[in-house]
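**Q** only geometry, no sequence info:
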């Protein structure tokens with residue numbers, strides 16, 4: 001950082017993301033976390049870091065190329081930021097690998113769960129493994145001996161590869177030196193060893209160990225000097241020229257085919273690889289030493305997630321959690337009339353995963369089967385390849401209902417899944433829209449139009465999370481089932497804007513990005529500041545995944561200086577500096593990392609005693625405010641409002657088991673205290689179960 005600059009007002013985004021992953025890694029480091037869950041957290045960190053390099057490091061490299069001398073609001077030039085981020089990433093990954101090889105895998109071994117390395121194989125296991133290699137693996141391998149007739153092969157993003165050092169002459173008299181062996185993606189990365197062969201309940205062999213042990217079989221007559229696993233991570237951000245395309249789905253389909261061959265940004269290699277071969281790979285992929293990460297375990301650690309899912313050892317996992325079915329959905333609402341009447345009676349709030357996602361599926365099931373329902377409208381961001389919800393929409397369309405689905409094709413890493421669903425929906429006559437080019441549709445809305453007594457009545461679902469039943473069991477999110485006329489009318493207007501053309505619609509209750517959400521949040525923060533300056537009570541609380549937008553942060557700083565007490569519960573990246581004297585004395589930032597992934601976005605303002613509470617699909621980030629279609633919806637019912645405040649803030653601010661407190665420099669320390677232990681996730685399971 002330049003010496004003449006004052007301390008920056010904002011923290012670096014990438015460094016903050018790495019701090020978040022340090023907090024996730026701490027769950028794996030904690031001996032109190034069940035053993036297989038410790039492995040799962042290690043895999044989650046690995047998966048998070050893959051995306052971090054594919055998107056964030058790729059962006060930093062591009063900034064270095066385009067504007068190397070521009071100093072960002074975090075006080076860094078792109079080059080300075082890149083150096084700091086790489087240094088922090090190396091430290092984090094070293095911690096991760098050390099924990100895996102020195103603690104987690106040895107402890108699993110004592111439980112009869114072993115990734116059996118060739119050096120430990122018995123004669124029987126060696127014979128079994130050799131047979132597996134000959135039957136299942138060797139026929140799939142295509143070794144490439146590098147010479148003028150065999151250039152370096154095209155390497156798929158994050159694929160498993162091996163570089164083999166050879167000596168001797170082949171059948172044509174060619175002198176062997178280096179060969180590349182690519183592991184086909186069709187091959188399983190983890191193979192179960194029969195109990196009678198392994199001698200333990202859960203013996204496994206990694207594909208990398210199998211290839212390492214028997215790679216000599218595919219180079220007969222040559223001397224294998226060494227074989228080393230490696231993989232390369234590539235830039236995976238998609239670029240679609242909005243001015244040139246005429247069909248977004250076709251344009252995206254073409255771009256997806258090239259995603260896995262973008263510019264290289266990271267090289268992971270076996271820790272035993274000789275420097276000469278390391279330098280050879282760096283040169284091939286135009287990477288530097290700081291882009292290279294030596295690992296002592298698998299180069300793709302996230303592949304070990306399979307162990308957490310296939311090993312049936314309840315004592316090594318978190319206790320089984322079955323989401324509660326809240327009233328009135330806890331008894332059979334056999335007829336659509338009953339379900340819609342329950343929603344019409346009053347708003348129904350769901351808090352996942354403590355409460356089941358099934359009422360949302362029941363809502364859409366009733367809509368699909370009820371002859372009184374004439375139309376269903378829904379946004380889809382992430383839903384999964386095997387989605388009951390999408391099957392319901394297909395059934396509704398086949399039944400002749402007007403089904404309108406706004407599918408976000410640019411949902412990162414779910415693009416192909418969404419393209420496939422869009423095609424299937426179109427085949428059955430649904431109206432499929434891809435939203436607004438240049439503005440991802442991230443809002444979570446479902447609207448049902450039902451004919452009742454000769455009139456059309458609307459019923460809606462609004463949420464903070466995706467329509468994805470699997471993640472609804474893991475992510476904390478709120479959902480609201482409502483028949484409030486104005487709220488549903490706003491949803492209908494927004495659907496019309498997304499599927500058609502026209503001027504901006506005036507919404508009475510919903511806040512919408514890119515139009516009213518940012519300006520309303522700024523105004524609400526300013527009102528709290530003005531009330532504090534006037535000596536009146538003022539309070540702001542907000543919960544979200546990320547806080548990065550500079551104008552919002554500046555407004556929060558000013559509110560703090562005016563005397564507003566501000567509590568922020570930010571799971572991930574946070575550019576705001578908390579508790580800086582004279583700047584943010586009254587702002588506390590904490591992060592909750594535990595069994596469930598904190599995902600809900602909740603905004604609270606005291607508002608002179610009115611206590612305004614909004615739930616939203618949007619984090620406080622530039623993209624959510626200005627480059628996405630998002631919604632924030634008010635909680636109108638006072639009973640539900642108290643619930644949201646308690647479950648989002650009161651309980652989160654009491655937590656002393658999962659919570660981390662942010663320091664002014666962006667580091668985090670675990671919250672502790674003399675009060676009795678209070679675990680937010682455990683308490684909400686107890687309260688709502």
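**A** All right, it came through fine. The structure displayed is predicted, hence computed values, not measured ones.
**Q** contacts only, for residue 532.
**A** Listed by C-beta atoms under 8 Å, 6 or more residues apart in numbering, the contact set of residue 532 reads 538, 559, 562-564. (C-beta placed from N, C-alpha, C; glycine too.)
**Q** now render the residues you listed as a markdown table, adding neighbour count and pLDDT.
**A** Below are these laid out as a markdown table (neighbours: other C-beta atoms under 10 Å; pLDDT from 0 to 100):
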| residue | neighbour count | pLDDT |
| --- | --- | --- |
| 538 | 25 | 98 |
| 559 | 27 | 98 |
| 562 | 17 | 98 |
| 563 | 17 | 98 |
| 564 | 25 | 98 |
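**Q** out of these, which are inside helices?
**A** Judged by DSSP state H, the subset of the contacts of residue 532 located in helices is 559, 562.
**Q** could you dump the contacts of residue 532 into CSV with distance to residue 46 added?
**A** Converted to CSV, the contacts of residue 532 look like this (distance: C-beta to C-beta, whole Å):
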residue, distance to residue 46
538, 43
559, 39
562, 44
563, 44
564, 40
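**Q** okay, strands next: where are they in the stretch 401-550 of the chain?
**A** With DSSP state E, counting those that start in this stretch as the definition, the stretch 401-550 of the chain shows strands at residue ranges 402-407, 431-433, 440-441, 445-452, 455-463, 475-482, 511-513, 539-544.
**Q** out of the contacts of residue 532, which comes closest to residue 641?
**A** residue 538 (18.1 Å; C-beta to C-beta).
**Q** with mean neighbour count and mean pLDDT added, can I get the strands of the stretch 401-550 of the chain in JSON lines?
**A** Below are these laid out as JSON lines (neighbours: other C-beta under 10 Å; pLDDT from 0 to 100):
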{"stretch": "strand 402-407", "mean neighbour count": "22", "mean pLDDT": "90"}
{"stretch": "strand 431-433", "mean neighbour count": "18", "mean pLDDT": "85"}
{"stretch": "strand 440-441", "mean neighbour count": "22", "mean pLDDT": "88"}
{"stretch": "strand 445-452", "mean neighbour count": "21", "mean pLDDT": "97"}
{"stretch": "strand 455-463", "mean neighbour count": "19", "mean pLDDT": "97"}
{"stretch": "strand 475-482", "mean neighbour count": "24", "mean pLDDT": "98"}
{"stretch": "strand 511-513", "mean neighbour count": "22", "mean pLDDT": "96"}
{"stretch": "strand 539-544", "mean neighbour count": "24", "mean pLDDT": "98"}
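**Q** among these, which comes closest to residue 418?
**A** strand 402-407 (5.3 Å).
**Q** and that closest one, what other elements does it pack with?
**A** In terms of contacts (3 or more C-beta pairs under 8 Å, 6 or more residues apart in numbering; DSSP states H and E), strand 402-407 is packed against strand 373-380, helix 388-398, helix 415-427, strand 431-433, helix 485-499.
**Q** between that strand and strand 373-380, how many degrees?
**A** Angle of strand 402-407 versus strand 373-380, following axes from the mean of the first three to the mean of the last three C-alpha atoms, to 10 degrees, is 0 degrees.
**Q** what residues are up against residue 15?
**A** Residue 15 sits in contact with 81, 84-85, 88, 666, where contact means C-beta under 8 Å, 6+ apart.
**Q** one more pass at 10 Å, please.
**A** Going by C-beta atoms under 10 Å, 6 or more residues apart in numbering, residue 15 touches 74, 76, 81, 84-85, 87-89, 573, 575, 666-667.
**Q** can I get the buried part of those residues as one PyMOL selection?
**A** A single PyMOL command selects the buried members of those (16 or more other C-beta atoms under 10 Å):
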select buried, resi 74+76+81+84+85+88+89+573+575+666
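**Q** now do stretch 663-672: distance to the chain's middle.
**A** On the basis of C-alpha atoms, centre = their mean, to the nearest Å, stretch 663-672 sits 23 Å off its chain's mean C-alpha point.
**Q** now do it, average pLDDT.
**A** Average pLDDT, stretch 663-672: 95.
**Q** stretch 372-391 now?
**A** 87.
**Q** distance between the ends of it?
**A** Start-to-end span of stretch 372-391 (C-alpha to C-alpha, to the nearest Å) is 20 Å.
**Q** touching, residue 397 and residue 431? I think so.
**A** Yes - Residue 397 lies in contact with residue 431 (C-beta atoms under 10 Å); the separation is 8.9 Å.
**Q** pull the longest helix from this structure.
**A** What stands out as the longest helix in the chain, according to DSSP H, is helix 78-99.
**Q** packing partners for it?
**A** helix 13-29, helix 35-51, helix 58-66, strand 264-270, strand 292-295 (3 or more C-beta pairs under 10 Å, 6 or more residues apart in numbering; DSSP states H and E).
**Q** what's the least confident stretch among these?
**A** helix 58-66 (a mean of 91).
**Q** which other residues reach it?
**A** By C-beta under 10 Å, 6+ apart, the list of residues contacting helix 58-66 from outside reads 13-14, 52-53, 70, 72, 76-82, 85-86, 233-237, 262-266, 291.
**Q** give the buried subset of these as a PyMOL selection command.
**A** This is the PyMOL syntax for the buried subset of the contacts of helix 58-66, where burial follows 16+ other C-beta under 10 Å:
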select buried, resi 13+14+52+53+72+76+77+78+80+81+82+85+86+233+234+235+236+262+264+265+266+291
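**Q** against residue 616, how distant is residue 504?
**A** Plainly put, residue 504 is 19 Å away from residue 616 if you go by C-beta to C-beta, to the nearest Å.
**Q** between the two, which one's more packed in?
**A** A side-by-side neighbour count of residue 504 and residue 616, using other C-beta atoms under 10 Å, places residue 616 first with 30 against 11.
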